[in-house]
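1. with the input below, show me the fold.
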Amino acid sequence: MSDFEHEPPVVANVVKNEYEREPVPEHALKGPKSFWGMYAGEHAAGTEFMIGPLFLLAGVSLQNIFWGLLLGNILAVCSWRFLCAPIATRARMTLYFQLEKIAGKGLVKVYNLANGILFCFLAGAMITVSATAVGIPFNLEMPAFDAIYPNSLTFVAIVVGVGAVITVVASLGYEAVAKFANIAAPWMVLVFFGCGVVALKQLGVTSYAELESIWSESITFAQAGTEGAPMGFWSVVLFAWFCNAAMHVGMSDLSVFRYAKKPSAGWATLGGMFIGHYMAWIAAAFMLAAQIKLVQSATPVPGPMANNVAGLAGIICVIVAGWTTANPTIYRAGLAFQAIFPKSRRLTMTLTAGAIATFAAVFPAFAFKLLGFVGLYGTILAPMGAIIFADWSFSRRVGITQFYAERHGILYNPSVLLAWLIPVAVALYFIVGKGGTAWYFPLPAWIACGMLYLVFSRFLQKTTS
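-> Residues are numbered from 1 along each chain as shown. Below you'll find the model as predicted:
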């Protein structure tokens, strides 16, 4: 690493070198505090206000929520710790730069475009979440839960303002993103916990049996008395495991853990999963149940829902929670866009990503249809992580060239293209064409992609050698 021992230059006295096209040097590595704070802040965040209530709307039983989320989040943490973090701390490259060496500069641009745009849509959903809280003091009429388009110019103006502030913070780089998360995370965790406790008091339950009874009544009310097909135990497990599939098995968080000193930094995701994707999801679900009991409304718009339970503290929590998710997501999207235009400045690409995210945030459907969206985006992006994993772990064992595109100077590695497109196309056929459940497909698509890459590479590299 001695070749990279230099002080990072400062761009415009604000933006430091983010090592987008070189391994992170030793002096730039971060301690564990940065990762625990960032993951707790990112995952005890705006998405939790949307996802938790959607379990109630989907008719998930309390037992399946408690046990399904427990197993699914354990599997997600293990994916970060044992798949993503070891590669990140050895290669110390962004996902995009490492994939370029395997797939070729031409092909990786296609992937980076899809990656960046989907990240922007996710960040946009979180900007929408924050905007629903900012609008409360202005007595803003919120968009309907099934709305696609904005319902007022005031809503659009609030979204643009929130998006601009979030984008500026994301543009300052990883250090600023992590610092903001460290400041916000402890307070948000307490507010989420407090919201859950207050919601339980509003429900007036004194036993688990009473809670189950009220929960069932809430599901019946939310589904207007119809008997829908509820999410079962394994649906909850798979959703919890793969709602961040693009980041762990998809290797997007190579871009984050490349700053870690050891692979054990991957355990930092425990904070995000069990504070955010366990406690906060359940607390948010209880908030919707309390709203149903108190005001007879099953519309889970985050701002009003948090205001009903925690007042001003809830409003502020929704604003900050959306912010802490959108920040690192816009940062990741900016890196993806910069990989498409290597000579561009990261600042410019991050601002571009923020602008796209803000535009997407104007359309509330991205936030209100989050369960389906995260499954779809994981199905598209996560399989490419299997190629990185296979190339890093098995290239020598099966006799193929590691970083084939870089070493042979090709723009498109056909093995990567075929291995990615075939399983994704099959998955999208069942999701879009047959109405399949999106979060069932990231795992089989990931496994198929990695295996096909090794098979195609073994065959094609022999025929071209």
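2. where does the prediction get shaky in the stretch 251-400 of the chain?
-> When the per-residue scores of the stretch 251-400 of the chain are filtered using pLDDT under 70, no range remains.
3. which parts of it are helices?
-> Listed in chain order, the helices of the stretch 251-400 of the chain (DSSP state H, counting those that start in this stretch) span 254-257, 269-271, 281-295, 302-310, 312-340, 346-361, 365-368, 370-398.
4. which one of these lies nearest to W446?
-> helix 370-398 (4.7 Å; CB to CB). Every residue, glycine included, has its C-beta placed from N, CA and C.
5. now for that closest one, which elements pack on it?
-> helix 46-57, helix 85-91, helix 95-103, helix 105-134, helix 233-242, helix 414-428, helix 442-464 (3 or more CB pairs under 8 Å, 6 or more residues apart in numbering; DSSP states H and E).
6. nearest the middle, which residue of this structure would you pick?
-> N244 (4.9 Å; CA atoms, centre = their mean).
7. quick one on the thing from earlier: rebuild the helices and strands packed on helix 370-398 as a markdown table, extending it with distance to I400, mean neighbour count and mean pLDDT.
-> Below are the helices and strands packed on helix 370-398 laid out as a markdown table (distance: least, CB to CB, whole Å; neighbours: other CB atoms under 10 Å; pLDDT from 0 to 100):
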| stretch | distance to I400 | mean neighbour count | mean pLDDT |
| --- | --- | --- | --- |
| helix 46-57 | 38 | 26 | 85 |
| helix 85-91 | 17 | 21 | 96 |
| helix 95-103 | 11 | 26 | 91 |
| helix 105-134 | 17 | 25 | 89 |
| helix 233-242 | 28 | 23 | 94 |
| helix 414-428 | 8 | 19 | 96 |
| helix 442-464 | 4 | 18 | 91 |
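8. circling back to that earlier point, got a markdown table for the helices of the stretch 251-400 of the chain, with distance to L122 and mean neighbour count too?
-> Formatted as a markdown table, the helices of the stretch 251-400 of the chain follow (distance: least, CB to CB, whole Å; neighbours: other CB atoms under 10 Å):
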| stretch | distance to L122 | mean neighbour count |
| --- | --- | --- |
| helix 254-257 | 15 | 27 |
| helix 269-271 | 17 | 24 |
| helix 281-295 | 17 | 23 |
| helix 302-310 | 15 | 25 |
| helix 312-340 | 5 | 26 |
| helix 346-361 | 8 | 22 |
| helix 365-368 | 8 | 23 |
| helix 370-398 | 7 | 22 |
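9. out of these, flag the one nearest K109.
-> Per CB to CB, nearest to K109 of these: helix 312-340, 4.8 Å.
10. picking that back up, G52 is nearest to which of the helices of the stretch 251-400 of the chain?
-> helix 281-295 (2.9 Å).
11. can I get that closest one in CSV? Just the C-alpha atoms.
-> Listed next in CSV are the C-alpha coordinates belonging to helix 281-295 (Å, rounded to 0.1, in the frame of the first residue of the first chain):
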residue,chain,number,x,y,z
TRP,A,281,-40.0,-1.7,11.8
ILE,A,282,-42.0,-3.2,14.7
ALA,A,283,-42.4,0.2,16.4
ALA,A,284,-43.6,1.7,13.1
ALA,A,285,-46.1,-1.1,12.6
PHE,A,286,-47.5,-0.5,16.1
MET,A,287,-47.8,3.2,15.2
LEU,A,288,-50.1,2.4,12.4
ALA,A,289,-52.1,0.1,14.6
ALA,A,290,-52.5,2.9,17.1
GLN,A,291,-53.5,5.3,14.3
ILE,A,292,-56.2,2.8,13.2
LYS,A,293,-57.6,2.7,16.7
LEU,A,294,-57.4,6.4,17.4
VAL,A,295,-58.4,8.1,14.1
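12. what does it rub up against?
-> 48-53, 55-57, 65-66, 69, 192-193, 195-196, 198-200, 202-203, 214-215, 218, 221-222, 297-298, 300, 305-306, 308-309 (CB atoms under 8 Å, 6 or more residues apart in numbering).
13. same check, this time on stretch 318-327
-> 41-49, 122-124, 126-134, 162-163, 165-166, 169-170, 177, 180-181, 184-185, 187-188, 302-303, 306, 357.
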